[in-house]
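K.L.:
Provided below are the primary sequence and the corresponding predicted coordinates.
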Amino acid sequence: MIYLLDTANTHEIARLFDLYPIDGVTTNPSIIALEQKPLKKTIVEIRKVIGEKAMLHVQPISSKTEDMVADALRYRDLVKGNFYAKIPVTPQGIKAMRILRDQGVNVTATAIFTQQQGLIAAKAGADFIAPYVNRLDNISSDGISVVSDIMKFIKAYNFNTKVLTASFKNVEQVHRVSLLGAHAVTTAPELFEALLYHPLTEKAVWEFYHDGVPYYDDDEN
């Protein structure tokens, strides 16, 4: 499983990268806007925090193919390292994916809500395709089923594309896409930490400490 943080908050990124085996960061224009800083400054700061080996997924705000390509190339050259251009699955985006792949740029197809969108993006050469789980659930659809079907497509047609599941509200959704064999998940920092938390673990650790402290000599602490 590839774990990614869906945030542009460099303080949270630094804190969680220090603690956990996280593989990279995903961003989008809305996430960048939350930090109220320029995009270029923000992604440069993120790269400094995570290093060049970690994945950094950056989405252009442009809607036209030529602008998406130009922005993606500019961001790649700016942050260097393990970079992915996040491109939405619009007609202009699909065209941009093919151009970027021909130019050797890693591509993540984003804003996927249907199985066919995922399949077409995979055929266009996307390295990752990102179906939105909770946003589908919010419109009375079934995000987990969409992910399941996309996973079947990837296997049936022998694509090298990986499925990067996104848009989660709770731990159960992350658990269910993991059971499907999704290659990656990207979550908000607070949800990632919730994946590890259990009250019985906290209770057990407290009991270990409470029971053991009287028997540890000062020079062993």
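P.N.:
Ah, there it is. Residues are numbered from 1 along each chain as shown.

K.L.:
From here on, just use CA atoms for contacts and neighbour counts.
P.N.:
OK.

K.L.:
all helices for the chain, in order.
P.N.:
With helices called from DSSP state H, the chain shows them at 10-19, 29-34, 39-50, 65-79, 91-102, 115-123, 133-137, 143-156, 171-179, 189-196, 199-212.

K.L.:
so of the ones you listed, which one's packed in deepest?
P.N.:
helix 115-123 (a mean of 21; mean count of other C-alpha atoms under 10 Å).

K.L.:
okay, and the helix or strand of the protein with the least pLDDT?
P.N.:
In the chain, no helix or strand scores lower on mean pLDDT, DSSP states H and E than helix 133-137, which sits at a mean of 82.

K.L.:
how far out from the middle of the chain is it?
P.N.:
In this view, helix 133-137 has its centroid 15 Å away from the chain centroid, taken as C-alpha atoms, centre = their mean, to the nearest Å.

K.L.:
neighbouring contacts of that helix?
P.N.:
For helix 133-137, contacts defined as C-alpha atoms under 8 Å, 6 or more residues apart in numbering pick out 113, 142-144, 147, 165-169, 173.

K.L.:
who are the neighbours in contact with residue 62?
P.N.:
Going by C-alpha under 8 Å, 6+ apart, residue 62 touches 68, 71.

K.L.:
mind running it again at 10 Å?
P.N.:
By C-alpha atoms under 10 Å, 6 or more residues apart in numbering, residue 62 lies in contact with 68-72, 87, 92-93.

K.L.:
And residue 89, by the same measure?
P.N.:
When contacts are counted by C-alpha under 10 Å, 6+ apart, residue 89 is found next to 95-97, 108-113, 117-118, 120-121, 129-130.

K.L.:
ditto for residue 72
P.N.:
Neighbouring residues of residue 72 by C-alpha under 10 Å, 6+ apart: 58-62, 66, 78, 83-87, 96, 100, 105-107.

K.L.:
Quick one, which of those residues are buried?
P.N.:
Neighbour counting by 16 or more other C-alpha atoms under 10 Å classes 58-62, 83-87, 96, 100, 105-107 among the contacts of residue 72 as buried.

K.L.:
Dig out what the residue most central in space within the chain forms beta bridges with.
P.N.:
Per C-alpha atoms, centre = their mean, the C-alpha nearest to the average position across the chain is that of residue 186, at 3.1 Å. Beta-bridge partners for residue 186, by DSSP bridges, are residue 4.

K.L.:
That one against residue 130, yeah?
P.N.:
Yes: counting by C-alpha atoms under 10 Å, residue 186 touches residue 130, with 9.2 Å between them.

K.L.:
joint contacts of the two?
P.N.:
By C-alpha under 10 Å, 6+ apart, the residues touching both residue 186 and residue 130 are 164-167.

K.L.:
sorry, back to before: from the contacts of residue 62, which is closest to residue 200?
P.N.:
Distance to residue 200 across the contacts of residue 62 (C-alpha to C-alpha) is lowest for residue 87, with 41.7 Å.

K.L.:
Any figure for the gap between the closest one and residue 43?
P.N.:
16 Å (C-alpha to C-alpha, to the nearest Å).
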